[in-house]
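>>> structure here, sequence nowhere to be found:
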């Protein structure tokens, strides 16, 4: 069913959920698979009238299939939508049959438009349109902190930018709730990332404009093409509320809603998605790991080749977890904040309170700290009795003014974490 005019942005943001021009929201029917006729890249969904014919160096993952440049037989639907691409399909770290058609049209690349010329606003300007409890992606570079509202990232999924000498991309996959920031320099070359229109295990598959390689958003791994097997350098990020961000970073900036696309970013194009019992089967056909609800959020941490998940339901009960991943002391905190679920509520900021899950390295000047909750959104360490905010700053005690290093972590849905980290440990399971 199509929602009222304020949700028109959802048509682009949720293009992968389009069925014959209708936006799928809530727990409704699944989208139909299959290629479609080519449509202009506007806020309207693709037509579905046509049918298909019958800082990290490259990893050591070895591309499979045939030798580079050799012809590869693609699945018919994949061949149909990617016919104009110059991707080297002979180099792949995955089975190509795992790729699903998210946007059924010939050459679906960037039908969901990335932001390549982002503008930013200071806190006071952001307060004029951002809701205090809405959530976004926080990153910190040498020139300060930036906030990327999910209301905007849901619609565009990729932001390409350069600041403080770093070329970076901030990415978000609504279907998996994965927010990941990358350094976009690979082999000395700055890549521009976009939305390929393909999905794998329901997760966004990105493409780059230099080699037309395909990249898995949730991991940052090149999976098809020239860069198959290469690993993007991850930049620490966190999903936090606007209120928490501006309290911690009063000199920070937010991505502006003046993106040049003329969209209304105030409406939710995925109403009720997080209340589903399972992801959309058209895009995710793996068996579900039923240890936790499929769309429960987790704090997922990766250290080197090791990974570990901390489900929200577990850390909400403990509030502060002191752990180690691959020998690195980690603090995983859950703040009883008023953070609004970006998938419930018709308008941004109206969603159910979900709390904030965040992770830090719990080491200061070689001192390993042991934390416990001190209040709804504060913590204290046993070693110095200092008081810490949810965003990792000591505000009282001997360590006042000290900031914890943020650990590389994500807040994806459980089904996505389990699919891409099969067999990895889960705290509390």
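Okay, I see it. Predicted model only: the values in this text are computed from it and were never measured.

>>> endpoints of stretch 408-417, how far apart?
Length of stretch 408-417, first residue to last, C-alpha to C-alpha, to the nearest Å: 14 Å.

>>> chain center to it: distance?
From the chain centre to the centre of stretch 408-417 is a distance of 9 Å (C-alpha atoms, centre = their mean, to the nearest Å).

>>> quick one: residue 286 and residue 422 touch, right?
No: the pair residue 286 / residue 422 is not scored as a contact, 9.1 Å apart, by C-beta atoms under 8 Å. C-beta coordinates here come from the backbone N, C-alpha and C atoms, glycine included.

>>> of these two, who's got more company?
Taking neighbours as other C-beta atoms under 10 Å, residue 286 and residue 422 compare with residue 286 leading, 13 against 10.

>>> that one: what secondary structure?
Classification of residue 286 using DSSP: H, G, I helix; E, B strand; the rest coil returns coil.

>>> angles on the backbone of it, please.
Residue 286 adopts backbone torsions of phi -70, psi 160, taken as degrees, to the nearest 10.

>>> residue 171 too?
According to degrees, to the nearest 10, residue 171 has phi -130, psi 150.

>>> wait, it sits on residue 205?
No: with contact defined as C-beta under 8 Å, residue 171 does not reach residue 205; the gap is 11.0 Å.

>>> can you find the helix or strand of the chain with the lowest average pLDDT?
Counting by mean pLDDT, DSSP states H and E, the weakest-scoring helix or strand in the chain turns out to be strand 22-23, with a mean of 31.

>>> summarise which helices and strands the helix or strand just after that strand is packed against.
Where DSSP states H and E defines the elements, the next helix or strand beyond strand 22-23 is helix 76-81. Counting contacts by 3 or more C-beta pairs under 8 Å, 6 or more residues apart in numbering; DSSP states H and E, helix 76-81 is packed against strand 99-101, strand 193-200.

>>> pull the distance from stretch 255-272 to the chain's centre.
A distance of 17 Å separates the centroid of the chain from that of stretch 255-272, by C-alpha atoms, centre = their mean.

>>> what does stretch 402-414 give?
13 Å.

>>> give me the neighbour count for residue 163.
Neighbourhood size, residue 163 [other C-beta under 10 Å]: 16.

>>> check residue 190 too.
14.

>>> from residue 332, how far out is it?
Note on residue 190: its distance to residue 332, by C-beta to C-beta, to the nearest Å, is 34 Å.

>>> now do residue 132
The spacing between residue 132 and residue 332, counted by C-beta to C-beta, is 24 Å.

>>> those two - which one has more neighbours?
Counted by other C-beta under 10 Å, residue 132 and residue 332 do not tie: residue 332 has more neighbours, with 27 against 15.

>>> list the contacts for the more buried one?
Shown in contact with residue 332 (C-beta atoms under 8 Å, 6 or more residues apart in numbering): 299, 301, 310, 315, 320-321, 323, 357-359, 427.

>>> quick one: which of the residues you listed is nearest to residue 94?
residue 301 (23.5 Å; C-beta to C-beta).

>>> and the strands in the stretch 301-429 of the chain?
Counting by DSSP state E, counting those that start in this stretch, the segments of the stretch 301-429 of the chain that form strands are 306-311, 320-325, 328-335, 356-361, 363-364, 367-368, 371-375, 378-381, 387-389, 394-396, 405-406, 409-410.

>>> nearest to residue 347, of those?
Comparing these by C-beta to C-beta, strand 356-361 comes nearest, at 20.6 Å.

>>> go through the closest one and flag the buried ones.
Neighbour-count burial for strand 356-361, counted by 16 or more other C-beta atoms under 10 Å, picks out 356-361.

>>> so can I have JSON lines of these showing pLDDT and distance to residue 216?
Shown next, in JSON lines, are the buried residues of strand 356-361 (pLDDT from 0 to 100; distance: C-beta to C-beta, whole Å):
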{"residue": "356", "pLDDT": "98", "distance to residue 216": "26"}
{"residue": "357", "pLDDT": "98", "distance to residue 216": "22"}
{"residue": "358", "pLDDT": "98", "distance to residue 216": "23"}
{"residue": "359", "pLDDT": "98", "distance to residue 216": "21"}
{"residue": "360", "pLDDT": "98", "distance to residue 216": "26"}
{"residue": "361", "pLDDT": "98", "distance to residue 216": "25"}
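
>>> tabulate those (a markdown table), appending distance to residue 375.
Putting those into a markdown table (distance: C-beta to C-beta, whole Å) gives the following:
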| residue | distance to residue 375 |
| --- | --- |
| 356 | 14 |
| 357 | 17 |
| 358 | 15 |
| 359 | 19 |
| 360 | 17 |
| 361 | 22 |
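
>>> which two among the residues you listed are spaced furthest apart?
356 and 361 (17.7 Å).

>>> now do residue 64, the pLDDT please.
With respect to pLDDT, residue 64 has a value of 42.

>>> which one's more surrounded, residue 171 and residue 205?
Between residue 171 and residue 205, counted using other C-beta under 10 Å, the more crowded position is residue 171 (29 against 24).

>>> bridged to the more buried one, which residues?
Residue 171 forms beta bridges with residue 158, residue 180, as assigned by DSSP bridges.

>>> from the middle of its chain, how far away would stretch 77-85 be?
That offset, for stretch 77-85, works out to 25 Å (C-alpha atoms, centre = their mean).

>>> how about stretch 173-192?
Distance of stretch 173-192 from the chain centroid (C-alpha atoms, centre = their mean) equals 10 Å.

>>> who touches the nearest residue to residue 342 once chain neighbours are set aside in this structure?
Spatial nearest neighbour of residue 342, chain neighbours left out: residue 150 (4.8 Å); criterion: C-beta to C-beta, 6 or more residues apart in numbering. The neighbours of residue 150, taking C-beta under 8 Å, 6+ apart as the test, are 134-137, 172, 179, 239, 342.

>>> which of the strands of the stretch 301-429 of the chain sits closest to residue 211?
That would be strand 409-410 among these, by C-beta to C-beta, at 25.6 Å.

>>> which neighbours in the sheet does that closest one have, and how are they oriented?
Here strand 409-410 is paired, per DSSP bridges, with strand 298-303 (antiparallel).

>>> and for the strand it pairs with, what's in contact with it?
Strand 298-303 has contacts (C-beta under 8 Å, 6+ apart) with 234, 292, 307-312, 315, 325-328, 330, 332, 357-359, 407-414, 417, 421.

>>> now tabulate the strands of the stretch 301-429 of the chain in JSON lines and tack on distance to residue 350.
JSON lines is the format used below for the strands of the stretch 301-429 of the chain (distance: least, C-beta to C-beta, whole Å):
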{"stretch": "strand 306-311", "distance to residue 350": "25"}
{"stretch": "strand 320-325", "distance to residue 350": "29"}
{"stretch": "strand 328-335", "distance to residue 350": "20"}
{"stretch": "strand 356-361", "distance to residue 350": "18"}
{"stretch": "strand 363-364", "distance to residue 350": "39"}
{"stretch": "strand 367-368", "distance to residue 350": "41"}
{"stretch": "strand 371-375", "distance to residue 350": "26"}
{"stretch": "strand 378-381", "distance to residue 350": "27"}
{"stretch": "strand 387-389", "distance to residue 350": "26"}
{"stretch": "strand 394-396", "distance to residue 350": "31"}
{"stretch": "strand 405-406", "distance to residue 350": "28"}
{"stretch": "strand 409-410", "distance to residue 350": "24"}
